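>>> coordinates for the following, if possible.
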Amino acid sequence: MAGHSKWAKVKHFKGAIDAKRGKIFSKLSREITIAAKLAGGDPTLNPRLRMVLLKCRGANMPNDNIERAIKKGVGGGEGASFEDLTYEIYGPNGVALLVEVSTDNRNRTAAEIRSLVTKAGGSIATPGSVSRLFQRKGQIIVSREATEEDALMELALEAGAEDFKTEAQGYEILTEPAQFEAVHKQLETKGIKCEAAAVTALPTVVVPLSGETNIAAVSRLIEALEEHDDVKEVYANAEFTEAGVNA
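Numbers count the residues shown, from 1 in each chain. Model prediction:
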């Protein structure tokens, strides 16, 4: 889930790993296999594979699982042909969602996504009406315990970061997508552990949610979409409170 509360998102992701480790590893393995099949098993030459491996690291996915998935992708044979699609959705309470999928059957996936959205009281949006509410950015989250603020800010900005934000829980570094890897690599070189690091879609307009019923309705839809085997990422412009996300 990628809502507006970035710190709640990190906690949500870590909690999801504990609760659904097998499901998450299965989806990550699928992403690795697709990436390796499309552009080879060397992450230095395959940007898509590098990004998936970052997710694997955040999920503490075993190296054996990763190696098996790469071998499956580069193993040859016909196999299924996957395509990447993005669904633009309006959920309950006017929340906008971008849903990224990789599918080997466009018609099947479209029908299943539409069914999930309709049951939740949402609708598939006109192309462009939701995507214009988001911007692509590299986002790196670092906890306060990981390093000193001044040193981190200097390092990030010198490496090409666009913005640096200090909050109660820690630090947020934003980059243009093209600069993300350079900035992240600099932090890794200095031994700075990141709570989260990815090229993501950040909302330019947020929808504040209050009340357990409203928060629950949106959360159910996001979780149902995240559970779908073909879904890679769900981005939402809902502004969740900590209590709301953890409810």
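
>>> only C-alpha atoms for contact and neighbour calcs from this point on.
OK.

>>> let me see the domain layout of the chain.
Domain ranges of the chain: 6-74, 83-132+205-246, 134-203, per automatic domain parsing.

>>> mean neighbour count added to those, as CSV?
Output for the domains of the chain, formatted as CSV (neighbours: other CA atoms under 10 Å):
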stretch, mean neighbour count
domain 6-74, 17
domain 83-132+205-246, 17
domain 134-203, 17
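
>>> how about the ones you listed in CSV, adding mean pLDDT?
Below are those laid out as CSV (pLDDT from 0 to 100):
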stretch, mean pLDDT
domain 6-74, 85
domain 83-132+205-246, 92
domain 134-203, 94
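
>>> strands along this protein, start to end?
83-90, 96-103, 123-124, 134-143, 163-166, 170-175, 196-203, 207-208, 231-236, 238-239 (DSSP state E).

>>> with distance to Gly41 added, can I get those in TSV?
Shown next, in TSV, are the strands of the chain (distance: least, CA to CA, whole Å):
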stretch	distance to Gly41
strand 83-90	18
strand 96-103	18
strand 123-124	35
strand 134-143	23
strand 163-166	33
strand 170-175	26
strand 196-203	20
strand 207-208	40
strand 231-236	19
strand 238-239	36
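
>>> what sits against Lys137?
Residues in contact with Lys137 (CA atoms under 8 Å, 6 or more residues apart in numbering) are Leu174, Thr175, Glu176, Pro177, Val199, Thr200, Ala201, Leu202.

>>> identify the bridge partners of it.
Thr200 (DSSP bridges).

>>> if I look at it, how far off is Val205?
15 Å (CA to CA, to the nearest Å).

>>> tell me the angle the longest helix along the chain makes with strand 83-90.
Ranked by residue count under DSSP state H, the longest helix found in the chain is helix 21-39. If you take axes from the mean of the first three to the mean of the last three CA atoms, to 10 degrees, helix 21-39 sits at 130 degrees to strand 83-90.

>>> how far off centre is helix 21-39?
14 Å (CA atoms, centre = their mean, to the nearest Å).

>>> what is it packed up against?
When contacts are defined as 3 or more CA pairs under 8 Å, 6 or more residues apart in numbering; DSSP states H and E, helix 21-39 packs onto helix 47-58, helix 63-74.

>>> got those helices as a markdown table, with distance to Lys193 columns?
Listed next are those as a markdown table, based on distance: least, CA to CA, whole Å:
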| stretch | distance to Lys193 |
| --- | --- |
| helix 47-58 | 10 |
| helix 63-74 | 19 |
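
>>> ok, for Ala156, nearest residue in space, not its chain neighbours?
Leaving out its chain neighbours, the residue that sits closest to Ala156 by CA to CA, 6 or more residues apart in numbering is Val183, at 6.1 Å.

>>> can you pull the contacts of the one you found?
Ala156, Ala159, Gly160, Ala161, Thr175.

>>> same list, those, but as TSV with distance to Ile34 please.
Formatted as TSV, the contacts of Val183 follow (distance: CA to CA, whole Å):
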residue	distance to Ile34
Ala156	32
Ala159	31
Gly160	30
Ala161	30
Thr175	26
